[in-house]
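Visitor: Below: sequence and its predicted model.
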Amino acid sequence: MSDALVEELRRALGERGVLVSPADRVRFETGWRYGKGVARCVARPASTAEVAATLQLAARHGARVVAQGANSGLVAASTPDLSGTMLVLSLERLNQTIDLDPHGRTVLVDGGVLLSQLNEALAPHGFWFPVDLGADPQIGGMVATNTGGTRLLKYGDVRHNLLGVEVVLGDGRVLSLLNTLRKNNTGLDAKQLFVGTTGVFGVVTRAVLQVAPVPKQRAVALVACDGGDAVLDLLRAVEAELGDVLSAFEVMSANALGPVFAHQPNLRRPFAELPPYSVLVELSSTLPPATLHLENALEACLGAHLERAGEHVLDVLVGKGEEFWQMRHHISESLRSEGKMLAFDVSVPRSRLPAFTAAVGKLLAEDHPQVRLCDYGHWGDGGTHLNLLWRETDVADSAALVRELQSRIYDLAVRDFAGSYSAEHGVGPHNQAFYDRYTDAQVKALCGVLGQFCDPAGRLGTVRLRGQ
Ligand SMILES: Cc1cc2nc3c(=O)[nH]c(=O)nc-3n(C[C@H](O)[C@H](O)[C@H](O)COP(=O)(O)OP(=O)(O)OC[C@H]3O[C@@H](n4cnc5c(N)ncnc54)[C@H](O)[C@@H]3O)c2cc1C
């Protein structure tokens, strides 16, 4: 049966701009970790005008639309629902512009440009976009999810580095906010509406980012700590002495790190016996080693701390940065190979991370001793990935256990520890119920007012920020 919307999209975007067959659609219908749906078709506009035309046509036909970047999001927000009526609007062909202003240290970039593509273009000029993570998202997707990375401690998240955006609103109006200024206090900073709001207020077609000079040197150490309090003491010591050049502080529990060596045979255990926590400390600087030798500075700082901390710091290894980062980046997939995994991306005030982690451990020990707590994460910014593992054969009803643990652990994080149920992955169908539970009613009402302006018919995205 012919579909009038598909035919009109073909006329507006050309044959390459519309994918209809199930084989062509399939990669747009399945999310990285969660989310599986069926699309009516996939529209692939190659310019802002084509994005506007796509949204105008969708509006005329009353079709709902989900924007999609590199589809690396982890909350099921980038894939269509199961109705078969939604349009996927992929930005992958809107990826031509990377316009660097080296003196301004800013870059104008199309929403569909991949992070790796941007960094390749910036490298010859001595710059990079320092929101750094283990996936390769598009810039528009990064704005929509306000991506944070492993170096957030030094560089901040996307919001911190975003100067301007161009967006197409739900009915096809184009809103150009391509500010390139760092200082501009002239009323409402409207671009913030589109940061971290998962594309429900508009489709990001271009962005102005501030970029950073590529560091000339890095130094990395792995520090063995006997518990969470020792980790916080270490963080305090490193920040006090080397805070200007500290770029990452990643914490890995023994339960999280152990499986890496079982599943990645090329990686070797750094310590004969894994300590309760192994902490990756990274320094980086644009200064040359002749001016400040980072590895020496790191060694001196950690050596002095080892003396002071007594038995709480068990060992310090300096160097082998590449290997230590490999361990960190392989945790998630290694844990997945071990059995049923339930992942949490939560944050609490960082001084409360040890108490929070202990409270989760106590809950599991008392009520579900068959569940293993494998925690790791960006303790420098209060983020922790609590991954819970169990063998399917040990649990009668895994789905019921997932529901119970999500509810209790998110309550613990948000209500008892003043934290967040989604530290960096944003909001999507995967955690919509918890957005509904924890978001202030006034904030939902405000989203309703903003949504009325940006997307009057409420057809963008699969998330309901306005509430029910
Ligand atoms: C291995 C791995 C490691 C990760 N590590 C981190 C990490 O350290 N920190 C972190 O924050 N995240 C991390 N993530 C999550 C993910 O990479 C980020 O959320 C990413 O920014 C999503 O970008 P994307 O282009 O893939 O967007 P998608 O997944 O395609 O979409 C995500 C959301 O943004 C919307 N969207 C996409 N493009 C646009 C657009 N142009 N305009 C409007 N809305 C749009 C979608 O509708 C959806 O709601 C990781 C993911 C993986 C798989």
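Guide: In hand now; what should we look at? Note that the structure is a prediction, hence the values are computed from the model and not measured.
Visitor: measure the closest residue to residue 75 other than its chain neighbours to the ligand for me?
Guide: Spatial nearest neighbour of residue 75, excluding adjacent residues (CB to CB, 6 or more residues apart in numbering): residue 428 at 3.0 Å. Any C-beta I mention is one placed from the backbone N, CA and C, and that applies to glycine too. Applying CB to the nearest ligand atom, to the nearest Å, the value for residue 428 to the ligand is 6 Å.
Visitor: Which residues are in contact with residue 428?
Guide: By CB atoms under 8 Å, 6 or more residues apart in numbering, the contact set of residue 428 is 34, 35, 73, 75, 76, 77, 78, 198, 462, 463.
Visitor: Mind doing that once more with 10 Å?
Guide: By CB atoms under 10 Å, 6 or more residues apart in numbering, the contact list for residue 428 reads 31, 34-35, 73-79, 145, 198, 422, 435, 461-463.
Visitor: Can you list the buried residues in stretch 396-407?
Guide: By 16 or more other CB atoms under 10 Å, the buried positions in stretch 396-407 come out as 401, 405, 406.
Visitor: Just the C-alpha atoms of stretch 457-467, please, in PDB.
Guide: C-alpha atoms of stretch 457-467 as PDB (Å, rounded to 0.1, in the frame of the first residue of the first chain):
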ATOM      1  CA  ALA A 457       1.300  19.100  18.800                       C
ATOM      2  CA  GLY A 458       3.700  17.100  21.100                       C
ATOM      3  CA  ARG A 459       4.900  14.900  18.300                       C
ATOM      4  CA  LEU A 460       8.700  15.000  19.000                       C
ATOM      5  CA  GLY A 461      10.500  12.200  20.800                       C
ATOM      6  CA  THR A 462       9.400   9.200  22.900                       C
ATOM      7  CA  VAL A 463       9.900  10.800  26.300                       C
ATOM      8  CA  ARG A 464       7.200  12.800  28.200                       C
ATOM      9  CA  LEU A 465       8.900  15.600  30.000                       C
ATOM     10  CA  ARG A 466       5.500  17.300  30.500                       C
ATOM     11  CA  GLY A 467       4.300  14.500  32.600                       C
END
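Visitor: Averaged pLDDT, it. What do you get?
Guide: Average pLDDT, stretch 457-467: 93.
Visitor: rewinding a little: the residue nearest to residue 75 and residue 14: what is the separation?
Guide: 31 Å (CB to CB, to the nearest Å).
Visitor: cool, and residue 379?
Guide: Taken as CB to CB, the span from residue 379 to residue 14 is 49 Å.
Visitor: can you tell me the residue of the stretch 301-450 of the chain closest to the ligand?
Guide: Proximity of the stretch 301-450 of the chain to the ligand (CB to the nearest ligand atom) peaks at residue 424, 3.5 Å away.
Visitor: With the stretch 201-350 of the chain instead?
Guide: Taking CB to the nearest ligand atom, the ligand has its nearest neighbour within the stretch 201-350 of the chain at residue 204, 3.6 Å off.
Visitor: Over to that residue. Which of the three states is it?
Guide: strand (DSSP: H, G, I helix; E, B strand; the rest coil).
Visitor: Could you pull out the helices in the stretch 51-200 of the chain for me?
Guide: 115-122, 139-145, 152-155, 158-161 (DSSP state H, counting those that start in this stretch).
Visitor: where does the stretch 351-468 of the chain come near the ligand, residue by residue?
Guide: Counting by CB under 6 Å from any ligand atom, the stretch 351-468 of the chain comes close to the ligand at 424, 425, 461.
Visitor: Thank you kindly, that will do.
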